[in-house]
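>>> sequence first, predicted model second:
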Amino acid sequence: MPLSRFQSLRAYLDQLILGQPALTENLLIALIADGHLLVEGPPGLAKTRAVKALCDAIEGDFHRIQFTPDLLPADLTGTDIYRAQTATFEFESGPIFHNLILADEINRAPAKVQSALLEAMAEGQVTVGKNSYKLPELFLVMATQNPLENEGTYPLPEAQLDRFLMHLNLDYPSAETELEILRLSRNEALHAGLPSIEAISQDEIFTARTEALKIYLADTLEQYIVDIVMASRQPEKYSDELASFLDYGVSPRATQSLERCARARAWLNDRDFVTPEDIQAVAPNVLRHRLLLSYHAQAQGVSRDQVINHILSLVAVP
């Protein structure tokens, strides 16, 4: 059964990625909901490790791409190579043609490179010259951003951020978890007591996606999702304070992402129906990068998470 296999996968990831349960859970939600993750956090919080661990546990290949200001689109997608023997051009695929991609520090690359990656994420293909090339059917991107440094970066525009299914914010682990990390790293260096798992096939992943889409979502909860989205677009109908915090609400992609992520979470938790708690649990990660705060909110030091919590407190739960 795919569910039991994914529960084993979740336990396996939690053994390797200590102190980041939200990262491991949402990585699996993105995998099941067929979307991409944007992860923001200080260095050393196991972002690369999480994707590598996931790749080790599933049938697929992994590639890490370090984004830098001098990167070119061809360094990502590949390019046409002239073959003198045949006097023809032949496409040489780039690192994007892998199942799992870690786009490290995506905001360090110029706009052309970012747009090449985002075409791959949105369309499942890359375009080189006059030709388009399909990417693997199983294709997941986890892009990272370092919030500590802004020099020499190219922030992603809101329209491009909207292409990501979810945006996660990571923080440092507790002192107790830090001690566990210390012991785990020592055991890994000694190759002692490391967890293992039988790799999940791509067919099992596609089956899980189909099963998650069949999870029951009541009409009232569909309306609840729409109400949350509309509260971000028409905040004046809910409160003047909320209206003063927002310039623009979220797009229809947010509605679709809320539904897909809520279904995936319900499936992962062995339920055949979606609850309001599922929607509320995924809402911050789905909405965080899609809201555009007003100058008033920024001047008052109001965060996007605070605005999202305010929206959830104002919208009636069915």
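Now that the structure is in, tell me what you want to look at. Numbering: from 1, shown residues only.

>>> got the confidence number for the residue nearest to residue 184 when sequence neighbours are not counted?
In space, not counting the residues next to it along the chain, residue 184 is nearest to residue 18; the distance is 6.3 Å by Cβ to Cβ, 6 or more residues apart in numbering. Glycine gets a C-beta too; all of them are placed from N, C-alpha and C. The score at residue 18 is 88. That number is its pLDDT.

>>> hmm, residue 18 is touching residue 179, no?
No: counting by Cβ atoms under 8 Å, residue 18 stays clear of residue 179, with 9.7 Å between them.

>>> please say which of those two ends up with more neighbours.
Each of residue 18 and residue 179 has its neighbours counted (other Cβ atoms under 10 Å); residue 18 has more, 21 against 12.

>>> quick check, the more buried one in a helix?
No: going by DSSP: H, G, I helix; E, B strand; the rest coil, the assignment for residue 18 is coil, not a helix.

>>> spit out the contact partners of it.
46, 173, 177, 180-181, 184 (Cβ atoms under 8 Å, 6 or more residues apart in numbering).

>>> phi, psi of the residue nearest to residue 184?
phi -80, psi 140 (degrees, to the nearest 10).

>>> next one: the residue sitting furthest away from the middle of the chain from residue 175, what distance?
Farthest-out residue of the chain from its mean C-alpha position, per Cα atoms, centre = their mean: residue 85, at 43.5 Å. Distance, residue 85 to residue 175, by Cβ to Cβ, to the nearest Å: 62 Å.

>>> what's the answer for residue 314, then?
Counting by Cβ to Cβ, the gap from residue 314 to residue 175 is 37 Å.

>>> and residue 127, by the same measure?
Taking Cβ to Cβ, one finds residue 127 at 49 Å from residue 175.

>>> of the two, who's got more company?
residue 127 (14 against 7).

>>> element containing the more buried one, please.
For residue 127, the host element (DSSP states H and E) is strand 125-128.

>>> next, the buried residues of that strand.
By 16 or more other Cβ atoms under 10 Å, the buried positions in strand 125-128 come out as 126, 128.

>>> list the helices and strands it packs on?
helix 73-77, strand 78-83, helix 111-123, strand 131-134 (3 or more Cβ pairs under 8 Å, 6 or more residues apart in numbering; DSSP states H and E).

>>> distance to residue 51, mean pLDDT and mean neighbour count for the ones you listed - can I get that in TSV?
Output for the helices and strands packed on strand 125-128, formatted as TSV (distance: least, Cβ to Cβ, whole Å; pLDDT from 0 to 100; neighbours: other Cβ atoms under 10 Å):
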stretch	distance to residue 51	mean pLDDT	mean neighbour count
helix 73-77	17	90	20
strand 78-83	21	86	13
helix 111-123	15	86	19
strand 131-134	22	88	12
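
>>> state the mean pLDDT of stretch 206-221.
For stretch 206-221, the per-residue pLDDT averages 95.

>>> for residue 90, see how far away residue 99 is.
23 Å.

>>> now swap in residue 255 and tell me
From residue 255 to residue 90 the distance is 43 Å (Cβ to Cβ).

>>> neighbour count for the two, which is higher?
Neighbours per residue (other Cβ under 10 Å) separate residue 255 from residue 90, with residue 255 holding more: 17 against 9.

>>> okay, buried residues for stretch 251-266 please.
For stretch 251-266, by 16+ other Cβ under 10 Å, it's 251, 253-266.
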